[in-house]
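Undergrad: Mind looking at a prediction? Sequence and model below.
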Amino acid sequence: MIKVLDKSVADKIAAGEVVERPVSIVKELVENSIDAESKSITVEIKQGGKEYIRVSDDGFGIPSEEVLTAFLRHATSKISKAEDLNNLITLGFRGEALASIAAVSRVELITKTEDSNLGKRLLIHGGEVVEESSLGCPEGTTMIVTDLFYNTPARSKFLKSDGAESGQIIDLMEKIAITRPDIAFRLINNGKNIFSSSGKGDLLGSIVSVYKDREYRDLIQLDHSDGGIRVYGYISRPQITRTNRRSQYYFVNGRVVKSSLMEKALMSGYKERLFEGRYPIAFLFVEVEPKMLDVNIHPNKKEVRFSDEVAVSTAIRDGIVEALAGDRAVSQKEDREREVVVDNLGEGTNKLEEDGTEYRTASQLSIYDIDDKKVESKVDINILFATKREKFYKTDIVNDNTTSVHKIVNKPFNFDELIFMDSIFDTYIMATDEDNFYLFDQHACHERINYERFLDNYNHENRSNQILMIPFTLDVPTAMASDDEEWLESIEKLGFQAEKFGDNTYIFREVPQFLTFEEAQSFAEEFIDAYAEGYGPEKTPDLERLISRSCKSSVKANDHLSKEEIDALIMQLKSCVNPFSCPHGRPTFIRFSKREIERMFKRIQ
């Protein structure tokens, strides 16, 4: 039998479209404050917003006689007819936010308009009005939301930890704060001030004050207009990049959005300027006529659709190219020498040549004498990874021109029977035994070695650390800085010693003994990037994925290795628990039997 649902049930169901988690509430309330022409907005959360959210502003407030109406579904002051959807200039417009929030939480509203002597206070629990009264209060609106999902406990089970939920809110507020540098924002988490922006209208100043990343001070300004489309913001020089898109932020008509079109247009502007796998920093704003934009394709307005995607994409690309053609985008030459870690491998120094290119060894297994630039290997066998296995089984790789089949042969595989020669293409190391020819992928081999070293460090208390003569510093996302206990413990277990050195800055004083300065710094950067993307140490598979992603300090393809370096690399590989594949599953080496080679040359059938 078909029947009409009770209002309380219907409201709770409809609330699911708007209120997914605490960050959804913060987004809706802050956008309402912005639409109210506020000059100052304060957001305070506790326990990830699950227990307490407060959004206070100094906007024009809600008239007393309209307070109850504001909590009715589809009640809005921003549109009155369908045609208004084609000319939206406000962030909110559907009139669902307050009704949805009130349906699944306890809400307290305090508001006052400029021409009123008294303000209005309203208490609503689960969509039902509990109390309505008048009181004295400043102009503006304060919304306090507590006990989220108290009346729908099944939905509260899907919420993440306090740290994860607060991290999403911090990320959102960072983005909103830079969309409106003319508004002073303040974010408080569990009584701690996370950031405050000045509200003076300086976009770059807001970016730096909110994100506290020193590299952001050197961003290039972008401002380009074409056919009614304005593209502006700040981007990085091609030499300042990241390993992922986490430092890319997109905004359309003042709204924080996710846009694959804008991502692709950004990368198109950087075409042939970036190494593969590197991504620029970008705070990219697009302004278009409201009629060119559809913001109603997602319940939370996270995505937008442009009526002329080609024009928008072209404007972004041309704006990027134009900005990168300026003097600020030219690479800065460094003419200083950088000192490297001194450890039991000996002293190493990285030197920059007169043309600005860095002259260094391919791996930590050797160092350069900077007087005559001649490789000098100083391999200390005592630092080799100590995990031992008496037997390794031989992996046959049979090629049939389409697939590779791995066949386990029941006899111990003995690395000591191999005779190692030179490498080809500075990538593959050649070796032979009595009946076979081998090719070792030097990068895959070194990834496996570093991966197992880090896991070994993590699982044992006796770690081999080295103290840096010159420590290095790294900036981390605000969410990581505000709750750093977990990730600091994880990276310390891997052999690093780090401590806070500013709002979002950490100083690294000790690193694993088997890494050079540059390799340690590179690993720490990759670790922070991976952790910020959600790879955490709660479960062993997550930790292994994090370490695997962070092993980019390994020897690369096209890095030339000396004979001594090759010998040391293979010696460490054969000490690994699994010497046959890299952490990503690729083989570290393949074997060609003498018979296969003879068949290739048509010597046998």
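TA: Looks like it came in fine.
Undergrad: State the phi and psi torsions of the residue nearest to residue 582 when sequence neighbours are not counted.
TA: Nearest in space to residue 582, with sequence neighbours left out and distances taken as CB to CB, 6 or more residues apart in numbering, is residue 444 at 3.9 Å. The C-beta positions use only the backbone N, C-alpha and C, and glycine is treated the same way. Main-chain dihedrals, residue 444, degrees, to the nearest 10: phi -60, psi -40.
Undergrad: Kindly report the same for residue 424.
TA: According to degrees, to the nearest 10, residue 424 has phi -110, psi 140.
Undergrad: Could you check how far it is from residue 267?
TA: Distance, residue 424 to residue 267, by CB to CB, to the nearest Å: 33 Å.
Undergrad: and if you look at residue 212?
TA: From residue 212 to residue 267 the distance is 26 Å (CB to CB).
Undergrad: same question, residue 318
TA: Residue 318 is 14 Å from residue 267, by CB to CB.
Undergrad: same thing with residue 52?
TA: Distance, residue 52 to residue 267, using CB to CB: 41 Å.
Undergrad: And for residue 59?
TA: Noted for residue 59: a distance of 38 Å to residue 267, by CB to CB.
Undergrad: With neighbour numbers in mind, choose between these two.
TA: Comparing residue 59 with residue 267 by other CB atoms under 10 Å, the one with more neighbours is residue 59, at 21 against 18.
Undergrad: pretty sure that one is touching residue 29, no?
TA: No - Residue 59 is beyond contact range of residue 29, at 11.5 Å (criterion: CB atoms under 8 Å).
Undergrad: these two touch, right, residue 513 and residue 465?
TA: Yes - Residue 513 is within contact range of residue 465, at 6.2 Å (criterion: CB under 8 Å).
Undergrad: Neighbours of residue 165, how many?
TA: Residues near residue 165, counting by other CB under 10 Å, number 20.
Undergrad: Who are the contact partners of it?
TA: 21, 22, 23, 48, 49, 50, 159 (CB atoms under 8 Å, 6 or more residues apart in numbering).
Undergrad: Now do the same for the closest residue to residue 277 other than its chain neighbours: its pLDDT.
TA: Leaving out its chain neighbours, the residue that sits closest to residue 277 by CB to CB, 6+ apart is residue 243, at 6.7 Å. Looking at residue 243, its pLDDT reads 84.
Undergrad: Residue 135 and residue 567, how far apart?
TA: 81 Å.
Undergrad: Neighbour count: these two, which is higher?
TA: Higher neighbour count among residue 135 and residue 567: residue 567, with 16 against 10, using other CB under 10 Å.
Undergrad: Please identify the helix or strand for that one.
TA: Using DSSP states H and E, residue 567 falls within helix 563-573.
Undergrad: same question, residue 473
TA: Using DSSP H and E, residue 473 falls within strand 465-475.
Undergrad: same question, residue 133
TA: Per DSSP H and E: residue 133 is located in strand 128-135.
Undergrad: From the contact counts, what lies against that strand?
TA: If you count contacts as 3 or more CB pairs under 8 Å, 6 or more residues apart in numbering; DSSP states H and E, strand 128-135 packs onto helix 67-70, strand 119-125.
Undergrad: tell me the mean pLDDT over that strand?
TA: The average pLDDT for strand 128-135 rounds to 93.
Undergrad: Next, the buried residues of stretch 308-323.
TA: For stretch 308-323, burial by neighbour count (16 or more other CB atoms under 10 Å) applies to 311, 312, 313, 314, 315, 316, 317, 318, 319, 320, 323.
Undergrad: And the first one, how close does it get to residue 285?
TA: It refers to residue 311. Residue 311 sits 16 Å away from residue 285 when distances are taken as CB to CB.
Undergrad: what's the answer for the last one, then?
TA: Using CB to CB, residue 323 is found at 13 Å from residue 285.
Undergrad: cool, and the fourth one?
TA: Distance, residue 314 to residue 285, using CB to CB: 16 Å.
Undergrad: Spell out the residue ranges of the strands in the stretch 501-605 of the chain.
TA: With strands called from DSSP state E, counting those that start in this stretch, the stretch 501-605 of the chain shows them at 505-512, 589-593.
Undergrad: In terms of secondary structure, what does the shortest one contact?
TA: What that stands for is strand 589-593. The contact analysis (3+ CB pairs under 8 Å, 6+ apart) places strand 589-593 against strand 393-399, strand 436-441.
Undergrad: rank those strands by pLDDT, which is bottom?
TA: Across the helices and strands packed on strand 589-593, strand 393-399 gives the lowest mean pLDDT, at a mean of 36.
Undergrad: check contacts around residue 533.
TA: Residue 533 neighbours (CB under 8 Å, 6+ apart): 244, 246.
Undergrad: residue ranges of the helices in the stretch 351-500 of the chain, please?
TA: 442-459, 478-482, 485-493 (DSSP state H, counting those that start in this stretch).
Undergrad: To residue 231, which of the ones you listed lies closest?
TA: Judged by CB to CB, the one of those that comes nearest to residue 231 is helix 478-482, at 26.2 Å.
Undergrad: In terms of secondary structure, what does the closest one contact?
TA: The helices and strands touching helix 478-482, judged by 3+ CB pairs under 8 Å, 6+ apart, are helix 162-179, strand 192-196, helix 517-532.
Undergrad: What lies in contact with the second one?
TA: Contact partners of strand 192-196, identified using CB under 8 Å, 6+ apart, comprise 170, 173-174, 177, 184-188, 209-210, 212, 478, 482.
Undergrad: go with 10 Å
TA: Here strand 192-196 makes contact (CB atoms under 10 Å, 6 or more residues apart in numbering) with 42-45, 166, 169-170, 173-174, 177, 184-189, 206, 209-212, 478-479, 481-482, 503-504.
Undergrad: need the next SSE after the strand holding residue 133, C-terminal direction.
TA: Downstream of strand 128-135, the next assigned helix or strand under DSSP H and E is strand 140-146.
Undergrad: helices and strands around that following strand, which ones?
TA: For strand 140-146, the packing partners by 3 or more CB pairs under 10 Å, 6 or more residues apart in numbering; DSSP states H and E come out as helix 22-35, strand 40-46, strand 52-57, helix 97-103, strand 106-112, strand 119-125.
Undergrad: May I have that strand as CSV, with CA atoms only?
TA: C-alpha atoms of strand 140-146 as CSV (Å, rounded to 0.1, in the frame of the first residue of the first chain):
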residue,chain,number,x,y,z
GLY,A,140,24.6,38.7,13.0
THR,A,141,23.9,35.0,13.5
THR,A,142,25.3,32.2,15.6
MET,A,143,24.3,28.6,14.9
ILE,A,144,25.3,25.9,17.4
VAL,A,145,24.8,22.2,16.4
THR,A,146,25.3,19.5,18.9
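Undergrad: what stretches of this protein score poorly on pLDDT?
TA: 1-18, 73-95, 272, 275-276, 295-302, 326-413, 461-463, 535-554, 585 (pLDDT under 70).
Undergrad: Nearest residue to the middle of the chain?
TA: What sits nearest the mean C-alpha location of the chain, by CA atoms, centre = their mean, is residue 246, with 3.7 Å.
Undergrad: Next up, the contacts around the closest residue to it other than its chain neighbours.
TA: Nearest residue to residue 246 in three dimensions, chain neighbours excluded: residue 532, at 5.9 Å (CB to CB, 6+ apart). The contact partners of residue 532, taken as CB under 10 Å, 6+ apart, are 167, 171, 244, 246, 247, 476, 477, 479, 480, 487.
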